[in-house]
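[1] Quick one, fold the following:
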Amino acid sequence: MEMMEMRELRYFVAVAEHLHFGRAARQLRIAQPALSKTIQRIESRLGVDLFVRTSRSVTLTAAGTTLLEHGRHALNAMDIAVQKTQQASEPDHLRLAMKPGGDAGLLPGLLAAYAEQQDARRVEIVFCSGTNRAQTLRDGQADVALLYAPFDDLAGLTTVPLHVEDRVALLPQPHPLARRASIRLKDLAAETFPRWVGVPTDQTAGPEIEDVAELIPLVQIGRAVAVLPRSLVSPAPPATVCIPVEDAGNSTIVLAHNANDHRNTVAAFITAASSARVSASRP
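    Predicted structure coming up:
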């Protein structure tokens with residue numbers, strides 16, 4: 001029979017650090033009588049007193065001080081062993097899904113911040129056109145993704161906001177609204193908008209497209225217009241203009257991952273994203 005179980009050692013260390021059975025029990029989320037019995041059982045098994053108990057205080061004996069010193073090392077070693085074992089089962093790369101050009105210039109800083117993380121892995125970029133980036137997370141084909149709120153379906157995903165931007169109308173240069181400083185959605189009521197693959201819409205007249213690369217030639221020849229997050233069409237492609245749309249609402253680029261994915265590699269990428277966001281916000 002083992003002289004002490006890891007659970008018992010954690011109980012002892014909690015009491016030894018607090019020198020108070022009530023506070024240790026609350027930290028461990030167990031009943032105080034159960035904790036006291038566990039400590040008594042340890043002392044009986046080891047054949048030593050670990051604490052001196054009075055009605056007013058709890059102090060460590062010499063044996064208790066020794067067990068606390070070595071017990072902390074043992075618990076740390078166990079935690080490291082578990083962490084390394086989990087890391088060993090993780091792939092040697094992390095897959096980031098994103099729309100081509102859909103990072104608003106954030107990607108280099110994000111990758112640099114991630115490379116500094118202890119659990120960093122090689123990052124594989126998975127380019128996804130259309131609206132299936134969120135689904136790549138749910139299907140396990142990507143570990144993290146850059147998505148656009150409120151346009152992508154974020155249900156079941158945990159997100160970190162990275163960049164907020166306005167939305168602009170992409171128009172051909174000869175368009176009557178092209179010289180305006182800004183417009184409103186009602187100004188575009190008579191225009192032809194594209195139908196995005198995978199996005200439900202009542203529109204049937206516009207051409208069906210999958211990404212911005214397919215949209216640009218249509219705008220250039222006057223077959224369609226679109227309202228998009230500014231970073232997707234900035235600077236404006238040749239023969240087009242970008243006009244702010246006052247009432248279109250903002251767009252937010254978020255870093256998303258599955259809410260139940262707690263792997264170290266994913267956590268490290270989230271930490272890097274938060275760090276890169278803070279750095280970008282500084283003047």
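
[2] Alpha carbons of stretch 20-31, in CSV - could you do that?
    The C-alpha trace of stretch 20-31 is given here as CSV (Å, rounded to 0.1, in the frame of the first residue of the first chain):
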residue,chain,number,x,y,z
HIS,A,20,-6.3,26.7,8.9
PHE,A,21,-8.5,23.7,8.3
GLY,A,22,-11.6,25.7,7.4
ARG,A,23,-9.9,27.8,4.7
ALA,A,24,-8.1,24.8,3.3
ALA,A,25,-11.4,22.9,3.1
ARG,A,26,-13.1,25.7,1.3
GLN,A,27,-10.2,25.9,-1.2
LEU,A,28,-10.4,22.1,-1.8
ARG,A,29,-14.2,22.2,-1.8
ILE,A,30,-14.6,19.4,0.7
ALA,A,31,-16.2,19.3,4.1
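
[3] So for it, mean pLDDT?
    Averaged across stretch 20-31, the pLDDT comes to 92.

[4] If you count neighbours, what's buried in it?
    21, 24-25, 28 (16 or more other C-beta atoms under 10 Å). No exception for glycine: its C-beta is placed from N, CA and C like everyone else's.

[5] Let's see which of these end up in strands.
    Assigned to strands by DSSP state E, none of those qualify.

[6] Closest one of the residues you listed to Leu185?
    Leu28 (57.3 Å; C-beta to C-beta).

[7] hang on, isn't Leu75 packed against Arg10?
    Yes. Shown here, Leu75 and Arg10 form a contact pair, counting by C-beta atoms under 8 Å, at 6.4 Å.

[8] Any stretches of the stretch 1-150 of the chain with poor pLDDT?
    1-2, 83-91, 130-131 (pLDDT under 70).

[9] how about the strands in it?
    51-53, 58-60, 93-98, 122-127, 144-149 (DSSP state E, counting those that start in this stretch).

[10] mind checking which of those is nearest Ala181?
    strand 144-149 (25.1 Å).

[11] Quick one: list the elements packing against that closest one.
    strand 93-98, helix 133-138, strand 157-165, strand 251-258, helix 264-281 (3 or more C-beta pairs under 8 Å, 6 or more residues apart in numbering; DSSP states H and E).

[12] How about the first one, which residues are buried there?
    By that I understand strand 93-98. Within strand 93-98, the residues that count as buried by 16+ other C-beta under 10 Å are 94-98.

[13] Of those, which is the nearest to Asp139?
    Asp139 has its nearest neighbour among these in Ala97, at 10.3 Å by C-beta to C-beta.

[14] For the closest one, give the beta-bridge partners.
    Val126, Ala145 (DSSP bridges).

[15] I figured it was touching Gln135, is that so?
    No. Between Ala97 and Gln135 there is no contact under C-beta under 8 Å: 9.3 Å.
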